[in-house]
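> Next one to model:
(chains A and B)
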There are 2 protein chains.
Amino acid sequence: MSKPLILVTNDDGITAPGLRALVRYMNEIGEVVVVAPDSPQSGMGHAITLDTALYSQKMKMGLENGSKMEYSCSGTPADCVKLALQEILDRRPDICISGINHGSNSSINVIYSGTMSAAIEAGIEGIPAIGFSLCDYSWNADFNAAGAAIKKIVLKALANGIPQGVVLNVNIPKLEEKNIKGIKICRQARANWKEKFDKRTNPMGKDYYWLTGEFELLDDGKDTDEWALANGYISIVPTQFDLTAHQSLVQIKKWDLNA
Amino acid sequence: MSKPLILVTNDDGITAPGLRALVRYMNEIGEVVVVAPDSPQSGMGHAITLDTALYSQKMKMGLENGSKMEYSCSGTPADCVKLALQEILDRRPDICISGINHGSNSSINVIYSGTMSAAIEAGIEGIPAIGFSLCDYSWNADFNAAGAAIKKIVLKALANGIPQGVVLNVNIPKLEEKNIKGIKICRQARANWKEKFDKRTNPMGKDYYWLTGEFELLDDGKDTDEWALANGYISIVPTQFDLTAHQSLVQIKKWDLNA
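Presented below is the predicted three-dimensional model:
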């Protein structure tokens, strides 16, 4: 039996240590092709490039790392997946793995996440997909504690399949391997960012802002990803791209808009 | 009773005719403040600006149009909403209205939509929000046919409230007003974009790509937004930002990842 073809991408860029660690782990499982942004794309959400030409470059770095092929792309994570599927790969990948993100994509962060947008793009195209994030924003974060769990989750996904219309959002607490208690299947915690804009004046006298903020958890459920992470577990949220609030259809119909 | 405060934004930029039409309609309902991108942001999904300073400029154009205040912002639609709520407005808006987008945001397009990302951002912050899109990509599209329906939907939302965790995605067919059959509450149709990359060579001899594609409907339900639009109705999809695929939690738990 041939090895599974694994498309690897991320949003921190092709040189990010989180992606290099992921390539190492995926090389133990299958044939790896990397198509990743040539520069960091954090916070890009599900952006795609419509008004700008996209460039893609075959990279040498992949070869020494053991992946079959590596390409950088000038676009967003979602662009990378589209380009990989339509132009770069000669067959459909068995799975698309995005990450390992430098920083959490739990709770409402999934909405802003370039890492998860790549996974969701693959999911829309019918390819099983998982995004992995480590709750450590440092460029030099330790990605080793997560290796065994990441491999286990990918192997289970390859063996069982992921339900249609669903991709997995996996977050890993910043802990040593021996202190990780296990893996929990969770729902997305309700939360919000309390924005603070840091207003400054540039050397030309013009005001500008830096977007900063504090994460505000609005959910005390024990079945959430935030609870799992805070209690030493890896969280997996099955995540969907049918955004319909089915439970609200009846309520909005009562507005009687055609009266 | 004071008039409702209406925050208006979009993704086509502050000068877009769709936004100008929306301002006209909202002026009939409440006190309007515009905070919108200074340049087109289509396809930006839920991007936010983390690595770049944000600039905001008070504009004169709003005054002649009857809105209370207008500000342009150098960021994405989600940035505009964050900046409006934290820095520009002196009280919370009663509702946030995004659009009128030049082009459809029905079905899977909601994922890539800057228009809807602005509405979703407001929703995350607990503010009732609606995105409006006209299924006509032309800059000179006719936004008049939709005026009465848009005002009706906003007034109903103000009167009834929108369920927590839900924003409305409204799409309007490209039809004369007399040919619009009514308003349907729908689910998001299952669909995909069949990408085609148009590969070219630049004058310096380097290959590049344009992202193009064809919309591929994968859903023949009569309860979808695509069906409504194809049959002459305005579609409203209640849209949520809890992306948890609740129906898949049990299935993924059966993977027995802690064995």
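> now the helices for the stretch 101-250 of chain A?
A:109-112, A:114-124, A:147-160, A:225-230, A:249-253 (DSSP state H, counting those that start in this stretch).
> Let me know which of those helices is tucked in deepest.
Most buried of these by mean neighbour count (mean count of other Cβ atoms under 10 Å in any protein chain shown) is helix A:114-124; its value is a mean of 30. For every residue, glycine as well, the C-beta is placed using N, CA and C.
> Check which helices and strands that helix sits against.
Counting contacts by 3 or more Cβ pairs under 8 Å, 6 or more residues apart in numbering or on different chains; DSSP states H and E, helix A:114-124 is packed against helix A:77-83, strand A:95-102, strand A:129-134, strand A:166-172, strand A:233-240.
> Now that we have the ones you listed, can you turn them into TSV and tack on distance to B:A157, mean pLDDT and mean neighbour count?
Output for these, formatted as TSV (distance: least, Cβ to Cβ, whole Å; pLDDT from 0 to 100; neighbours: other Cβ atoms under 10 Å in any protein chain shown):
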stretch	distance to B:A157	mean pLDDT	mean neighbour count
helix A:77-83	30	95	30
strand A:95-102	36	97	29
strand A:129-134	33	98	28
strand A:166-172	30	98	28
strand A:233-240	25	98	26
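> now for the ones you listed, which one comes closest to B:N202?
Closest to B:N202 of the helices and strands packed on helix A:114-124, according to Cβ to Cβ: helix A:77-83, at 16.8 Å.
> mind checking how far the closest one is from the chain centre?
A distance of 13 Å separates the centroid of the chain from that of helix A:77-83, by Cα atoms, centre = their mean, to the nearest Å.
> related to what we said a few turns ago, mind putting the helices of the stretch 101-250 of chain A into TSV with distance to A:T239?
Listed next are the helices of the stretch 101-250 of chain A as TSV, based on distance: least, Cβ to Cβ, whole Å:
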stretch	distance to A:T239
helix A:109-112	6
helix A:114-124	7
helix A:147-160	13
helix A:225-230	10
helix A:249-253	21
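> need the ones you listed in a markdown table with mean pLDDT, can you?
Putting the helices of the stretch 101-250 of chain A into a markdown table (pLDDT from 0 to 100) gives the following:
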| stretch | mean pLDDT |
| --- | --- |
| helix A:109-112 | 94 |
| helix A:114-124 | 96 |
| helix A:147-160 | 97 |
| helix A:225-230 | 98 |
| helix A:249-253 | 95 |
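> And those: which comes nearest A:E28?
Relative to A:E28, the nearest member of the helices of the stretch 101-250 of chain A by Cβ to Cβ is helix A:147-160, separated by 6.4 Å.
> Can you report how many residues neighbour A:R20?
18 (other Cβ atoms under 10 Å in any protein chain shown).
> next SSE after the helix or strand of chain A with the lowest mean pLDDT?
Counting by mean pLDDT, DSSP states H and E, chain A has its least confident helix or strand at helix A:61-65, which shows a mean of 56. Following helix A:61-65 in sequence order, the next helix or strand is strand A:69-73 (DSSP states H and E).
> and that following strand, what does it pack onto?
So strand A:69-73, by 3+ Cβ pairs under 8 Å, 6+ apart, packs with strand A:31-37, strand A:56-58, helix A:61-65, helix A:77-83.
> now for these, which one comes closest to chain B?
Counting by Cβ to the nearest Cβ, chain B lies closest to helix A:77-83 out of these; the figure is 4.9 Å.
> And the contacts of that closest one?
Residues from elsewhere that reach helix A:77-83 (Cβ atoms under 8 Å, 6 or more residues apart in numbering or on different chains): A:7, A:9-11, A:35-37, A:41, A:44, A:46-49, A:54, A:56, A:71, A:73, A:75, A:96, A:98, A:114-115, A:117-118, A:120-122, A:125, B:45, B:112, B:195, B:197, B:209, B:211.
> ok, now stretch A:54-61?
A:14-15, A:34-35, A:38, A:69-75, A:79, A:83, A:87-88, B:197, B:206-211.
> give me that answer again for 6 Å
A:70-75, B:208-209 (Cβ atoms under 6 Å, 6 or more residues apart in numbering or on different chains).
> Alongside chain B, which residues does the stretch 151-259 of chain A contribute?
A:156, A:160, A:163, A:166, A:182-183, A:185, A:187-188, A:192, A:195, A:197, A:208-209, A:237-245, A:248-249, A:251-253, A:255, A:257-258 (Cβ under 6 Å from any Cβ of the partner chain).
> repeat that with 7 Å
A:152-153, A:156, A:160, A:163, A:166, A:182-183, A:185, A:187-188, A:192, A:195, A:197, A:206, A:208-211, A:236-246, A:248-249, A:251-253, A:255, A:257-258 (Cβ under 7 Å from any Cβ of the partner chain).
> For the nearest residue to A:I130 once chain neighbours are set aside, which residues are in contact?
In this structure, A:I130 finds its nearest non-sequential neighbour in A:L168, 4.4 Å apart by Cβ to Cβ, 6 or more residues apart in numbering or on different chains. Listed by Cβ atoms under 7 Å, 6 or more residues apart in numbering or on different chains, the contact set of A:L168 reads A:130, A:157, A:162, A:236, A:238-239.
> cool, A:A245 as well?
B:166, B:238-240 are the contacts of A:A245 under Cβ under 7 Å, 6+ apart.
> and those residues as JSON lines, adding distance to B:L218?
Converted to JSON lines, the contacts of A:A245 look like this (distance: Cβ to Cβ, whole Å):
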{"residue": "B:V166", "distance to B:L218": "24"}
{"residue": "B:P238", "distance to B:L218": "21"}
{"residue": "B:T239", "distance to B:L218": "19"}
{"residue": "B:Q240", "distance to B:L218": "21"}
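> Keep those, but drop any that are not near chain A.
Among those, the residues lying close to chain A (Cβ under 7 Å from any Cβ) are B:166, B:238-240.
> Let me know the closest of the residues you listed to B:E226.
Out of these, the member with the shortest distance to B:E226 (by Cβ to Cβ) is B:T239, at 14.9 Å.
> what bridges to that closest one?
Counting by DSSP bridges, B:T239 is bridged to A:T244, B:V167.
> Any idea how far stretch A:77-84 is from the middle of the chain?
That offset, for stretch A:77-84, works out to 13 Å (Cα atoms, centre = their mean).
> and what of stretch A:226-243?
In terms of Cα atoms, centre = their mean, the centre of stretch A:226-243 is set 12 Å apart from its chain centre.
> Next: stretch A:93-103.
Averaging C-alpha positions (Cα atoms, centre = their mean) puts stretch A:93-103 6 Å from its chain's average.
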